[in-house]
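*Asks:* Sequence and predicted structure, then a few things I'm wondering about:
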Amino acid sequence: MRLRDAGAYIRGRVVLGLTQALASRGPASPPAPLPLEAVLAERDPDPIRLAQVFEGRLNPERQTLVARYLAARGIAFATQRFSSLAGPGENYVVDVGSGPRLLVLIAHHDAVSGSPGANDNAAAIGILLRQLVRLGAGPPPPLRVRFLFTAAEELGYLGARAYAREMSASQVAGVVSLELCGVGDSPVLWDVERDSALSGAFSSAMEGLGYRRDESYHVVGRVPGFGSDHRAFAVLGIPAYGLTMVPAEHAEALRGFIFHPWRSLVRARARRPPPFDTYHTAWDRSETLDPSALDRVRLALDALIQSV
């Protein structure tokens with residue numbers, strides 16, 4: 001596992017270096033983050049407001065703010081501290097519900113250097129922070145839902161790998177990592193190399209919401225070049241996938257971009273289809289987020305939790 005971590009870390013550094021070099025130009029000034037106290041004063045802040053707390057901050061600040069928000073809301077959470085090739089980090093864990101079966105939902109709290117990290121991945125943090133509060137305030141879900149906020153995803157999923165080494169894979173119904181969830185109208189479940197109960201539950205959930213497969217939602221196989229925290233769990237034999245929102249009008253361009261990653265990474269920013277036009281760049285700011293996209297993810301997660 002440690003050798004695998006080293007390989008993932010090296011690959012992560014190479015990809016980050018390339019994307020940052022190709023997207024070095026950006027807005028003249030970074031966004032001003034929203035003070036944490038501003039959202040704590042709100043009873044039910046929306047995900048974009050929560051994302052604005054994290055955007056534009058350095059990773060140690062983003063990490064600390066997740067813990068501060070949970071503590072300020074009176075939410076019990078566990079902290080996993082780990083050391084890696086990227087240095088120390090902290091993962092945070094919140095469980096909602098009870099029962100033997102477990103669904104893990106993940107959002108990483110780190111961003112790449114030089115990017116405000118709004119869609120990658122503050123939007124997902126905002127979605128899950130709001131989701132766990134709402135889920136905990138309602139009737140118990142039909143299974144235990146674990147909200148996992150990870151460090152060092154951008155450097156080979158090192159936080160998720162550290163967490164996966166210490167967890168038991170038994171009775172885990174599945175893992176879903178949220179990535180680039182703030183732009184678009186079509187949910188995509190990716191890295192589905194074979195059908196599973198989890199991918200079937202996702203399809204049932206989407207169709208129950210009125211989506212149609214291969215038209216308004218998509219389930220796709222292994223994505224080359226790109227990845228996320230769920231891959232740390234997939235190697236354990238757990239059904240584990242990424243969840244992303246994409247604009248339906250750019251579906252064909254996105255398919256070409258995603259399945260030819262190295263050619264795609266060297267394209268000028270203007271030629272990358274959304275949401276990758278801001279990916280790992282200084283343009284990844286909260287004003288590019290679409291509230292309806294974040295709301296679609298919330299509804300999708302609600303339906304998935306009931307379907308698993």
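*Replies:* Nice, thanks for sending it over. Numbering: from 1, shown residues only.

*Asks:* all helices of the protein, in order?
*Replies:* 2-22, 36-40, 47-54, 59-72, 123-137, 158-166, 197-208, 231-234, 251-258, 261-265, 291-307 (DSSP state H).

*Asks:* do you know how far the residue lying closest to Ser186 once chain neighbours are set aside is from Leu178?
*Replies:* In space, and not counting its chain neighbours, Ser186 is closest to Ala248: 4.6 Å by Cβ to Cβ, 6 or more residues apart in numbering. Glycine gets a C-beta too; all of them are placed from N, C-alpha and C. Distance, Ala248 to Leu178, by Cβ to Cβ, to the nearest Å: 19 Å.

*Asks:* who has more neighbours, these two?
*Replies:* Leu178 (26 against 13; other Cβ atoms under 10 Å).

*Asks:* Hmm, that one is touching Asp120, no?
*Replies:* No: in this structure Leu178 lies outside contact range of Asp120 using Cβ atoms under 8 Å: 10.4 Å.

*Asks:* can you pull the contacts of the residue nearest to Val183 when sequence neighbours are not counted?
*Replies:* With Cβ to Cβ, 6+ apart as the criterion, Val183 has its nearest non-adjacent residue at 4.0 Å, and that residue is Pro275. For Pro275, the contact set (Cβ atoms under 8 Å, 6 or more residues apart in numbering) comprises Asn119, Leu180, Gly182, Val183, Gly184, Thr244, Met245, Val246, Pro247.

*Asks:* Can you tell me which of those end up in strands?
*Replies:* Residues of the contacts of Pro275 located in strands (DSSP state E): Thr244, Met245, Val246.

*Asks:* for the stretch 151-300 of the chain, which spans come out with low pLDDT?
*Replies:* Counting by pLDDT under 70, the stretch 151-300 of the chain shows low-confidence ranges at 261-270.

*Asks:* Measure how buried Arg285 is and give me the count.
*Replies:* Around Arg285 sit 23 other residues, with neighbours defined as other Cβ under 10 Å.

*Asks:* quick one: it and Gly56, what's the gap?
*Replies:* Distance of Arg285 to Gly56, computed by Cβ to Cβ: 8 Å.

*Asks:* just Tyr163 next, same as before
*Replies:* In terms of Cβ to Cβ, Tyr163 sits 26 Å off from Gly56.

*Asks:* Ala151 now?
*Replies:* Taken as Cβ to Cβ, the span from Ala151 to Gly56 is 18 Å.

*Asks:* Settle it for me: which of these two has more neighbours?
*Replies:* Ala151 (30 against 24).

*Asks:* what residues are up against that one?
*Replies:* Contacts of Ala151 (Cβ under 8 Å, 6+ apart): Asn59, Gln63, Phe82, Gly89, Glu90, Asn91, His108, His109, Asp110, Leu158, Gly159.

*Asks:* Output these as a markdown table; include the columns neighbour count and distance to Asp302.
*Replies:* Output for the contacts of Ala151, formatted as a markdown table (neighbours: other Cβ atoms under 10 Å; distance: Cβ to Cβ, whole Å):
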| residue | neighbour count | distance to Asp302 |
| --- | --- | --- |
| Asn59 | 21 | 30 |
| Gln63 | 24 | 27 |
| Phe82 | 19 | 31 |
| Gly89 | 23 | 30 |
| Glu90 | 20 | 28 |
| Asn91 | 25 | 24 |
| His108 | 28 | 22 |
| His109 | 29 | 23 |
| Asp110 | 24 | 27 |
| Leu158 | 28 | 30 |
| Gly159 | 31 | 26 |
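
*Asks:* Thanks a lot, see you next time.
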